Every structure is written in structure tokens, then in C-alpha cells.
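Novice: Next one to model:
(one chain, ligands or ions: 3)
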Amino acid sequence: MAVLIVFGLLLSLAMVCNGGITSTFVRKTESTVDMPYESDAFQIPPGHNAPQQVHITQGDQEGTAMIVSWITPDEPGSSVVLFWSDKHKTKKAEGKAKQYKYHDYTSGYIHHCTIRKLEHNTKYYYKIGIGQAERTFWFVTPPAVGPDAPYTFGLLGDLGQTFDSNKTLAHYESNPLKGQTVLCLGDLSYADNHPNHDQVKWDTFGRFIERSAAYQPWIHTAGNHEIDYAPEIGETKPFKPYKHRYTTPFKASGSTAPFWYSVKIASAHIIVLSSYSSYGKYTPQYKWLEQELPKVNRDETPWLIVLVHSPWYNSYNYHYMEGETMRVQFESWFVQHKVDVVFAGHVHAYERSERVSNIANNLENGKCSPVKDQSAPVYITIGDGGNIEGLATNMRDPQPDYSAYREASFGHAIFDIKNRTHAYYSWHRNDDGAAVKADSMWFFNRYHHPVDDSTSSQS
Ligand SMILES: *[C@@H]1O[C@H](CO)[C@@H](O)[C@H](O)[C@H]1NC(C)=O
Ligand SMILES: *[C@@H]1O[C@H](CO)[C@@H](O)[C@H](O)[C@H]1NC(C)=O
Ligand SMILES: [Fe+2]
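Specialist: Ligands and ions are numbered 1, 2, ... in the order given. Now for the predicted structure:
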């Protein structure tokens, strides 16, 4: 018996040393069900033509502008935003409203209004629905861009609108680490899983996330469920609903489409890429990224973070290798420019990689496996928001060396930047209290402190 236990310990140690940990936590499998239309999470605000689905995102590169978006259901109403702070008198900005049609659905009046010249680190109040059912919200602007500005990002992916999605969002909201901006990895409403891509699901999703997205910016990444391409019902313009509802400040970073762009927030430079827009050589996204990476000034923004929907390193038997073509296209640039971390969604589970790269292959030398590389990013898959498609539980066996930790549970993560050298990362599964860290890692900045930070070397 004792021999068996010792042998078992050795075996499990060996498995850890080999590379990855496959968590022994097994979440009980239940189906994920959308919350019903009349659920409290989708409440329609009272009053005639009251603004609903309110959400904000950063409106420029530096964090002194915010795009405020909302929908009025019955008539256009006002596109004005009134905003003020304790120190600043009330100012007014005017946006625009438009509708879109999708099959037999016509949207409400979708308003987008950019408010500018905001002061950093300041709590602003804003009011919309002027002259009708007015609603007031608030947000806090990020600190000025600078190398030691601390900042806390929340990470959510593949959220959907099920009872589990609601738990994920509530868990994030109650996390004592207090995320200040959400980095959203794409796949929002899952409207396309319903007959005719039921666009009402986009509306309920907008009402669902309002309780967070009206008060802190969500930085959006386009996922496959945003494409809504449905020629069988005459809908052939990819991303139509998403593009109308979720704008991004893409022009501020010289991008020509809302699906790839960058923002600077505090000490982070965040690059958002689109897995579902072309990225081959000579394409707009390729050219933009080629020009964008050399512009990143690590003395100003030490932390270089990339968001993309489809992961490049994924050891689940779901969407396996779907990210390969993009990895082959861009991975050498990420290593050259020492990207700190790449966050992805798509796979409905959690996984963190070692720092690895796979860029030596030249079609002749046979070097086509990932190798440990301290100039490479850590790849994190966080598509575990809890959507209607359920969990991805089936993993590749044995766990490949590039995989450091993996677990099929719903949850969210926090990337907590302390200064130019250190950031604390943690993943929180819904089944625990919000303060419990199911997986964590101290990130050492690849530019200012490029010391080995793999969790196997830390332990
Ligand atoms: C969603 O979560 C919120 C916050 O925890 C809670 O108040 C609400 O009742 C939940 N709604 C549903 C339908 O689960
Ligand atoms: C950066 O933050 C880490 C972690 O909190 C801390 O140990 C380190 O001393 C800080 N560095 C500086 C220069 O303050
Ligand atoms: Fe996806």
C-alpha cells in the first residue's frame, strides 16, 4: 500500500515536471441553458423609450475619450450624452443613431456617442435618454499612459447569456481584485445558435451585460459568433449585427476596420486581432499589424498584450489547430517584439501555456514542434464564460509540453499590473468563492524584466 502511494506520488510529480498540470477538479456536467426572456438579468428599464443595453468602450488611444452606446426601442430620441465630474461642469456631446435590418428583424435605434477631453483617473457621471426617460451612469477613466501606472484588467470570453454566464459575470463583479476594464475575447450573444440568428438575443445580451459594461469599458474582440453570415436567409454581410452594436476606436490606431485595432491603457498596449478577417500577407490586417508592432514603446507601455478569438496553443479536442494559419503568419513577430501575453477564447474551457514558440520551421529542417522560449508570450485560453454550447471537456492525452495548466470549468481571470516589471495573473472558477485563485502566475515583463517566469521554475 505504502509503496503504491509513494509510486503514485512519484508518478504525479513526474507528470507535473513533464510540463503541464491537468487539474483534478472535475466540474459536474450539466447543460447550459439560456436565461428566459423575462429573467431579471434582461430587465427592460422603465419609462417611454428608455435607453437600454448601455455599454462603453475606450474612445481613443490614450484613454481620454469614451464611446457611449445604447439603444432606444420605440423612436430615435436624443443621441446626446451629458457628462460631468465633481471637478468638471456638465458638458454635452452628440452622437448618431441608426438601425439595421436582419432577415425579418428591425433593430431599435442604436446610438453611439464619443465623449472626449476627459481627465485621467477621474470619476465621470453621464446621462442619456435626454428629454425622455433619462438614465445616469458613471465610469472612472484610466490613469495617464505611463510605465508604472498600475491597472487591473478583467478577462471574459465566450460569455453568452445562460444561468452560467450570469454566474461568471457576478463572480467577476464580486472579485475583490476589482477589474477596471474588461478585455472581452469575443463570442458575445450566441444569437446565431437560434432560428434565423434570433436578433432579440443580441438585445437580451445587451441588457444582460449593461450592469457591468455601462460602468467600465469593455474592449471587444470579434469571435465567430459575431459573423452572423447566413446566405440561406439573405444575410451575406459578415459581422452586420456586431458592427452596428459594438463599435471600437479603430481609426485612432490607424486601422481601417473595427475588428483589429489597439488601445493604450495605463502601462499596457493592447492589440486586438480578428481571427475571422483576412490576415495573409498584403491584407489590411497584416499591413496594420506590421506597422503597429514597431510603434509599441515599451518605455511608455511596458506591457504588450494581444487579444484574439481563436487560440494558437490549445490542447483540447475542440477547435484543435484552428488557430494554426494565424499562428504561422504572425508568431515570429510576437517573439521578435516580446509580447507578454496572448489571451484567446473560442474553446469553452481554461488553459495556460508555457512560454513556447514554434517558428524555426522552414519546410526542410523538420523543426516543427513548439520549444520553450523566454521571448515568447504566455498563451491563455479563457473561453469559459458559460455560453449555451456548454463546456469543452475532452482533452488531448497526454497533455502536451506546451500546456502548463488546463481545466474544464467556467470562470474568469484577472491580469493585475503592479508596475513595469510585475503583473499578477489569476483565474477564478465559478464553483469557488470569487477570491479563490484556481490558477495563478506572476508575470515578469518581457522587456523590463525578462527573467524566467514559468510556474514550474517558480515553484
Ligand atoms: C443574475 O445574477 C445576479 C447577480 O448575482 C442576480 O441578482 C440575478 O438574480 C441573477 N439572475 C438569474 C436569472 O440568474
Ligand atoms: C514591482 O512590483 C513587485 C510586485 O508587487 C514588487 O515586488 C517590486 O518591488 C516592484 N518594483 C518596484 C521597482 O517598485
Ligand atoms: Fe468561438
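Novice: Kindly report the residues of the protein close to ligand 3.
Specialist: Within the chain, the residues that sit near ligand 3 (Cβ under 5 Å from the ion) are Asp187, Gly223, Asn224, His346. (Each C-beta comes from the backbone N, C-alpha and C, glycine too.)
Novice: If we use 8 Å, what do you get?
Specialist: With the criterion set to Cβ under 8 Å from the ion, the chain comes near ligand 3 through 158, 186-187, 223-225, 309-310, 319, 345-347, 383.
Novice: would you turn these into CSV with distance to ligand 2?
Specialist: Rendered in CSV, the data for the residues of the chain next to ligand 3 read as follows (distance: Cβ to the nearest ligand atom, whole Å):
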residue, distance to ligand 2
Asp158, 31
Gly186, 31
Asp187, 33
Gly223, 33
Asn224, 37
His225, 37
His309, 31
Ser310, 32
His319, 35
Gly345, 28
His346, 31
Val347, 31
Gly383, 29
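Novice: Just want the residue of the stretch 151-300 of the chain that's nearest ligand 2.
Specialist: When distances are taken as Cβ to the nearest ligand atom, the stretch 151-300 of the chain reaches nearest to ligand 2 at Ser267, 11.2 Å away.
Novice: In contact with the closest residue to that residue other than its chain neighbours, which residues?
Specialist: The spatially closest residue to Ser267, leaving aside those adjacent along the chain, is Ala149, at 4.7 Å (Cβ to Cβ, 6 or more residues apart in numbering). Taking Cβ atoms under 8 Å, 6 or more residues apart in numbering, we find Ala149 in contact with Pro142, Pro143, Ala266, Ser267, Ile417.
Novice: switch to 6 Å and redo it
Specialist: With contacts defined as Cβ atoms under 6 Å, 6 or more residues apart in numbering, Ala149 is in contact with Pro143, Ala266, Ser267.
Novice: Can you select the buried ones from those residues in PyMOL?
Specialist: Taking 16 or more other Cβ atoms under 10 Å as the burial criterion, the selection of buried members of the contacts of Ala149 in PyMOL is written as:
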select buried, resi 143+266+267
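Novice: Throw the contacts of Ala149 into CSV and include secondary structure, thanks.
Specialist: Compiled in CSV, the contacts of Ala149 are given as follows (DSSP: H, G, I helix; E, B strand; the rest coil):
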residue, secondary structure
Pro143, coil
Ala266, coil
Ser267, coil
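Novice: Alongside ligand 2, which residues does this structure contribute?
Specialist: Selection of the chain residues close to ligand 2 by Cβ under 6 Å from any ligand atom yields Lys418, Asn419, Thr421, His422.
Novice: could you redo the last one with a cut-off of 5 Å?
Specialist: Within the chain, the positions near ligand 2 by Cβ under 5 Å from any ligand atom are Lys418, Asn419, His422.
Novice: Beta-bridge partners for the last one, please?
Specialist: Translated: His422. In this structure, His422 has the following beta-bridge partners (DSSP bridges): Phe444.
Novice: What about it, how many residues nearby?
Specialist: Using other Cβ atoms under 10 Å, His422 has 16 neighbouring residues.
Novice: same thing with the second one?
Specialist: Applying the criterion other Cβ under 10 Å, we find 15 residues in the vicinity of Asn419.
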